[in-house]
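Colleague: Got a sequence here, can you model it:
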Amino acid sequence: MITGFIALYIFMLAAFTGYEVISKVPVILHTPLMSGSNFVHGIVLVGAMVALGHADTSVERVVGFLGVVLAAGNAVGGYVVTERMLEMFKSSGERR
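Modeller: Numbers count the residues shown, from 1 in each chain. Alright, predicted model coming up:
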């Protein structure tokens, strides 16, 4: 039971730290920063899957599942934004 509280504490601390770091990034740098860190989203997804695999209680499984869903959405969204950003730099003849 105490392990669940520690995991929840780490999750809340990571969420707060991530929000604070991202909120300090200027808007003009957000998209290049996001495209450059897509590999981190994949690592977060793997970590969420490992955490879900080690879940014992129903609450831990629900939190782990939410972590996997959110991490997968974050990874996919990063690649979608990168693709859109790269489309902006192509000339009109090169676009599909």
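Colleague: Please report the distance of residue 71 from residue 2.
Modeller: For residue 71, the distance to residue 2 equals 25 Å [CB to CB, to the nearest Å]. C-beta here means a position set from N, CA and C on the backbone, and glycine is covered the same way.
Colleague: Which one of those two is surrounded by more residues?
Modeller: A count of neighbours by other CB atoms under 10 Å puts residue 71 above the other of residue 71 and residue 2, at 19 against 6.
Colleague: pLDDT averaged over the longest helix along the chain - what is it?
Modeller: Longest helix of the chain, by residue count under DSSP state H: helix 58-88. On average, the pLDDT along helix 58-88 is 85.
Colleague: name the helices or strands packed onto that helix?
Modeller: helix 2-23, helix 27-36, helix 38-53 (3 or more CB pairs under 8 Å, 6 or more residues apart in numbering; DSSP states H and E).
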